[in-house]
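Peer 1: Fold the stuff below for me.
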Amino acid sequence: MNLSLALIFSLTMLLASSVAAQESTQGSMLPYVVKTVFLDPTTYVPAIVRYEATRLDWQSSQIFFQNGWSEHNSRYTTSGLADDAPIGYAAGNNRILRDALTSLQFSIVHNVSERVLERVLKQRYPNHPKILTAVGWIERSVVASIWSYRLSANHLRQWRTNERLAVQFN
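Peer 2: All right, here's what the predicted structure looks like:
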């Protein structure tokens, strides 16, 4: 996180030096960044998708744990080793929530740095604000989509497998 903040600060200082003499018609950078990151759905989507996919996987695995199966994911075992006894249901839910909040933190850092860069570029190239806004939306959407997929695909596959196998236990 400190490295990201240092990078944002360095980039801002580097690019801002050439536009310092120009008058800014836009407001202050901080309120702009906070408002746009807070209102941007791409800030939240990866964390929400990760939470829901992992929760579905975790809930659908409970029937197997009750029948003596072990947990393959080492993050959800009592020993921290793969294929061991699972942690409790509530502990698993807490871990899922913490993982989603971690994803949210990374998403916030990404979107803040993208918005700062976008704002600096708009000040440097004031004749192209629409294209810079469009490129920013595209970049944030692509990153959120790829990240959501990577964080959730395996959990969703496991959930579907668990749902098919659970029919045998009912």
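
Peer 1: where in the chain is pLDDT low?
Peer 2: Along the chain, the model assigns pLDDT under 70 to residues 1-26, 170.

Peer 1: Near E163, how many other residues are there?
Peer 2: The number of residues packed near E163 is 11, by other CB atoms under 10 Å. Bear in mind the C-beta positions are built from the backbone N, C-alpha and C, glycine included.

Peer 1: State the distance from it to R124.
Peer 2: Taken as CB to CB, to the nearest Å, the spacing of E163 relative to R124 amounts to 52 Å.

Peer 1: do the same with L81
Peer 2: Distance, L81 to R124, by CB to CB: 52 Å.

Peer 1: again, but for T161
Peer 2: In this view, T161 and R124 are 51 Å apart by CB to CB.

Peer 1: Going along the chain, name the helices of the chain.
Peer 2: For the chain, helices defined by DSSP state H occupy the ranges 2-16, 29-39, 45-66, 89-124, 129-166.

Peer 1: Dump those to a markdown table, plus distance to Y76.
Peer 2: A markdown table is the format used below for the helices of the chain (distance: least, CB to CB, whole Å):
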| stretch | distance to Y76 |
| --- | --- |
| helix 2-16 | 29 |
| helix 29-39 | 31 |
| helix 45-66 | 7 |
| helix 89-124 | 6 |
| helix 129-166 | 11 |
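
Peer 1: Which of these sits closest to S74?
Peer 2: Closest of those to S74 is helix 89-124, at 11.7 Å (criterion: CB to CB).

Peer 1: what angle sits between that closest one and helix 45-66?
Peer 2: Using axes from the mean of the first three to the mean of the last three CA atoms, to 10 degrees, one finds that helix 89-124 and helix 45-66 are set 170 degrees apart in direction.

Peer 1: Show me what helix 89-124 is packed against.
Peer 2: Counting contacts by 3 or more CB pairs under 8 Å, 6 or more residues apart in numbering; DSSP states H and E, helix 89-124 packs against helix 2-16, helix 29-39, helix 45-66, helix 129-166.

Peer 1: For V109, which of the ones you listed is the nearest?
Peer 2: helix 2-16 (4.9 Å).

Peer 1: Pull up the gap between A47 and A144, please.
Peer 2: Taking CB to CB as the measure, A47 falls 10 Å from A144.

Peer 1: who touches both of the two?
Peer 2: Both A47 and A144 are contacted by S107, under the criterion CB atoms under 8 Å, 6 or more residues apart in numbering.
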